[in-house]
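1. Got a sequence here, can you model it:
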Amino acid sequence: MKNVVKKNIFGIVLVLLLLPILGFIPFELSDKSQFILSVIFMVIGLVSFLAVILVFWVAYYAHGRLVAVIAGIAYFVLPIIHEYLSFVVELSILLYWVSLKKQVTQFANKT
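-> This is a model prediction of the structure:
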């Protein structure tokens, strides 16, 4: 199991980073379905947040502390400024993760 996760860590985190983008799709559901969907999105958000922490951790080892701190500040501050910046932040973290593919495979092979 450990080797499967190690070899596929890039794809696993990529999927976890894609899941919060589903929250930007408008849904119209009944009250009961809306509650269930909100709980599902809350769980997806928590798991995605853990994936973002992993992205910051890899950024720290790949590019240094400054890049990781700037990414962390942008991740937390920009959505507070405006609601639509949350989508931009999620997309930028996703694109940054894609750019780190080479470093991620190197780090996965070292461990």
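
2. going forward, measure contacts between C-alpha atoms and count neighbours the same way
-> OK.

3. which residues of the protein score low on pLDDT?
-> Along the chain, segments meeting pLDDT under 70 span 1-6, 27, 29, 111.

4. Show me what the longest helix seen in it packs onto, helices and strands only.
-> With secondary structure taken from DSSP state H, the chain has its longest helix at helix 31-63. The elements that helix 31-63 packs onto, with contact taken as 3 or more CA pairs under 8 Å, 6 or more residues apart in numbering; DSSP states H and E, are helix 9-18, helix 65-81, helix 85-99, helix 101-110.

5. Would you mark the buried spots in that helix?
-> Neighbour counts over helix 31-63 (16 or more other CA atoms under 10 Å) mark 41, 44-45, 47-48, 51-52, 55-56, 58-60, 62 as buried.

6. Could you export these as TSV, including distance to Phe87?
-> Formatted as TSV, these follow (distance: CA to CA, whole Å):
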residue	distance to Phe87
Phe41	15
Ile44	15
Gly45	13
Val47	17
Ser48	14
Ala51	16
Val52	14
Val55	17
Phe56	18
Val58	22
Ala59	20
Tyr60	23
Ala62	25
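
7. and the longest helix of the chain with helix 85-99, angle?
-> Relative orientation of helix 31-63 versus helix 85-99 (axes from the mean of the first three to the mean of the last three CA atoms, to 10 degrees): 50 degrees.

8. neighbours around Leu94, how many?
-> By the criterion of other CA atoms under 10 Å, Leu94 has 20 neighbours.

9. If you could redo that for Val98, that was the one I meant.
-> When neighbours are counted by other CA under 10 Å, Val98 registers 15.

10. Quick one: residues contacting it.
-> Neighbouring residues of Val98 by CA atoms under 8 Å, 6 or more residues apart in numbering: Leu14.

11. Distance of it relative to Leu22?
-> Going from Val98 to Leu22 by CA to CA, to the nearest Å gives 19 Å.

12. now Phe76
-> From Phe76 over to Leu22 (counting by CA to CA), the distance is 19 Å.

13. what's the answer for Gln34, then?
-> From Gln34 to Leu22 the distance is 14 Å (CA to CA).

14. what does Leu16 give?
-> With CA to CA as the criterion, Leu16 and Leu22 are 11 Å apart.
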